[in-house]
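Asks: For reference, the sequence and a predicted model appear below.
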Amino acid sequence: MKKLITLLFLTLFTSTSAFSAGMVGIKLGYGQLEATQDAITNTPAALTEAAQTKDIDHEYGAVFAELNLGDTPISLGLEFIPITGTLSVSTDNTDASLEISDHTTLYALAAKELSNGASVYAKIGYSMADIGNVKQSNGTTTINSHSNELEGVMAGIGLQSAEFSNLGLIARAEATYTEYDDVKARTTDTDGLAETKTASDINLTTFTISLAKTF
């Protein structure tokens with residue numbers, strides 16, 4: 001699905017008849033990813049697992065491209081994070097990790113110009129990423145299967161400066177929030193106990209600044 005959406009956007013990007021302007025840019029910032037492992041009730045009760053919430057935060061970078069829809073305040077955009085992130089958890093009896101890669105967001109942006117030439121905007125989109133290289137390198141648990149994709153809805157707000165417009169550049173400050181669908185992993189331990197572990201309430205909050213070249 002991610003490849004199809006990217007292909008559709010690139011097709012639009014190469015067609016100039018319906019669009020009056022566009023931009024390509026880079027963004028740098030800070031992101032915090034949070035998720036909750038749902039509680040698991042087992043027999044015997046001594047093996048029951050309580051729900052727990054964890055988060056991880058880190059700096060990150062992304063590239064993006066946007067096309068304006070004619071004379072309207074609406075633009076379509078595609079953002080891509082060209083790095084692979086590793087998430088891991090380590091306790092006395094487990095050492096598990098996974099990788100999230102090719103995080104891609106297709107979005108629509110609506111802007112309102114201010115009296116000083118700057119503008120404020122809101123954006124909404126859909127984010128997708130690949131989940132891979134899931135490992136259980138310590139302990140007695142075997143991972144039998146797991147979700148392969150991370151998908152969810154993104155919403156954001158931002159401020160665009162006109163400070164560098166004479167150079168054909170724009171600068172932005174932006175905050176976004178993404179709520180992802182649940183992901184699951186099915187596991188078995190050495191005693192034959194099979195479990196389905198679910199991560200829910202997965203969300204990503206970002207704060208970024210960006211610089212883009214208009215055309």
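Replies: Cool, the structure landed. In this text the structure is predicted, and so the values were computed from the model without any measurement. Numbering: from 1, shown residues only.
Asks: How about residue 74: what's its closest non-neighbour residue?
Replies: Take residue 74 and drop its neighbours on the chain: the residue closest to it by C-beta to C-beta, 6 or more residues apart in numbering is residue 110, 5.5 Å away. For glycine as for every other residue, the C-beta is placed from the backbone atoms N, C-alpha and C.
Asks: So what's the residue count around that neighbour?
Replies: Residue 110 has 13 neighbours, counted by other C-beta atoms under 10 Å.
Asks: For it, list each beta-bridge partner.
Replies: Applying DSSP bridges to residue 110 gives these bridge partners: residue 74, residue 122.
Asks: check contacts around it.
Replies: By C-beta atoms under 8 Å, 6 or more residues apart in numbering, the contact set of residue 110 is 73, 74, 121, 122, 123.
Asks: Okay, the first one and residue 174: tell me how far apart.
Replies: Spelled out, it's residue 73. 17 Å (C-beta to C-beta, to the nearest Å).
Asks: Those two: who's more crowded?
Replies: Set side by side, residue 73 and residue 174 show more neighbours around residue 174, with 18 against 13, by other C-beta under 10 Å.
Asks: Which element, helix or strand, includes that one?
Replies: Here residue 174, judged by DSSP states H and E, is contained in strand 169-180.
Asks: could I get that strand in PDB with only the CA atoms?
Replies: In PDB, the C-alpha atoms belonging to strand 169-180 read as follows (Å, rounded to 0.1, in the frame of the first residue of the first chain):
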ATOM      1  CA  LEU A 169      12.900  29.500   0.500                       C
ATOM      2  CA  ILE A 170      10.300  29.000   3.200                       C
ATOM      3  CA  ALA A 171      10.900  28.000   6.900                       C
ATOM      4  CA  ARG A 172       8.400  26.200   9.100                       C
ATOM      5  CA  ALA A 173       7.900  25.200  12.700                       C
ATOM      6  CA  GLU A 174       5.500  22.300  13.200                       C
ATOM      7  CA  ALA A 175       3.900  19.900  15.600                       C
ATOM      8  CA  THR A 176       2.200  16.600  14.700                       C
ATOM      9  CA  TYR A 177       0.500  13.700  16.400                       C
ATOM     10  CA  THR A 178       0.000  10.300  14.800                       C
ATOM     11  CA  GLU A 179      -2.300   7.600  16.300                       C
ATOM     12  CA  TYR A 180      -1.400   4.100  14.900                       C
END
